[in-house]
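Colleague: just need the structure, nothing else, for what follows:
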Amino acid sequence: RREKREQRTMAAARTLAFESFPEWKLHLKYFCDVTNAVELAELITSGKLPENTAVINAKLVPGLLPLYAAADRTLRTLKYSEKGFSTRTMGSELVYNLSSSKHISEALKRFGVKDNSCTRMLVAWFEKSEDSTKEGDISNLVSGNACDLSELEKHLDEGVIKKYYKIQDTELKTSTLTDCVVFRVGARECLWTK
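Modeller: Have a look, this model is predicted:
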């Protein structure tokens, strides 16, 4: 048990910075062989995780660029939207923004953590520069092995990604899977406007 805890805490966080929002950073940790997804899902739905934290099904994230695009959209909503977030927290807004769908519950079910079939996950948390606490890092709650983020693309569920984002094989002849996902994340408002 202690050995597992040491592996979790040794996971180095990757940090994404935002040119348009220099006061904000997004930290990421990747976990494999996770055995307590149900417990984490219960913490999420009961509101017991920090509001700036997201737990994401890593099998549906083809790289860091889609996360960057979703995080940028989250920060733009925080700063510029008069309505505020579509979801309740900054973390759930990040998960929602990973989806190309405008259906909140569907997006949170697909890209969030729901059951023990989710064995690979990303823990992501926003941090504002004036806030030096590590409040969003919930790595100590994850029962799994810390993995290097460079391994993320090796364990994708490409079929499900193509289905969820409605990516056709003809698109993949001229673009990468990551490019197709980023386009849909960034253009969601335009794609689904009637």
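Colleague: in the helix of greatest length in the chain, which residues are buried?
Modeller: The longest helix of the chain (DSSP state H) is helix 64-80. Residues of helix 64-80 classed as buried: 64-75, 77 (neighbour count, 16 or more other C-beta atoms under 10 Å). Where C-beta positions appear, they are placed from N, C-alpha and C, glycine not excepted.
Colleague: ok, of the residues you listed, which one's closest to Val185?
Modeller: Val185 lies nearest to Ala69 out of those, by C-beta to C-beta, at 4.5 Å.
Colleague: just give me the residue closest to the centre of the chain.
Modeller: Ile56 (4.3 Å; C-alpha atoms, centre = their mean).
Colleague: adjacent strands (with direction) for the helix or strand that residue falls within?
Modeller: In this structure, Ile56 sits in strand 53-57 according to DSSP states H and E. Paired neighbours of strand 53-57 in the sheet (DSSP bridges): strand 121-128 (antiparallel).
Colleague: quick check: mean pLDDT of the partner strand?
Modeller: The pLDDT scores in strand 121-128 average 95.
Colleague: buried residues in it?
Modeller: For strand 121-128, using 16+ other C-beta under 10 Å, the buried residues are 121-127.
Colleague: ok, Leu108 - how many residues close by?
Modeller: 20 (other C-beta atoms under 10 Å).
Colleague: what's the farthest-apart pair in the buried residues of helix 64-80?
Modeller: Farthest pair in those, by C-beta to C-beta: Leu64 and Thr77, 20.1 Å.
Colleague: okay, the buried residues of helix 64-80 in JSON lines with pLDDT and distance to Phe21 next?
Modeller: Below are the buried residues of helix 64-80 laid out as JSON lines (pLDDT from 0 to 100; distance: C-beta to C-beta, whole Å):
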{"residue": "Leu64", "pLDDT": "95", "distance to Phe21": "17"}
{"residue": "Leu65", "pLDDT": "95", "distance to Phe21": "17"}
{"residue": "Pro66", "pLDDT": "96", "distance to Phe21": "18"}
{"residue": "Leu67", "pLDDT": "96", "distance to Phe21": "15"}
{"residue": "Tyr68", "pLDDT": "96", "distance to Phe21": "12"}
{"residue": "Ala69", "pLDDT": "95", "distance to Phe21": "13"}
{"residue": "Ala70", "pLDDT": "96", "distance to Phe21": "14"}
{"residue": "Ala71", "pLDDT": "96", "distance to Phe21": "9"}
{"residue": "Asp72", "pLDDT": "95", "distance to Phe21": "8"}
{"residue": "Arg73", "pLDDT": "93", "distance to Phe21": "11"}
{"residue": "Thr74", "pLDDT": "96", "distance to Phe21": "10"}
{"residue": "Leu75", "pLDDT": "96", "distance to Phe21": "5"}
{"residue": "Thr77", "pLDDT": "93", "distance to Phe21": "11"}
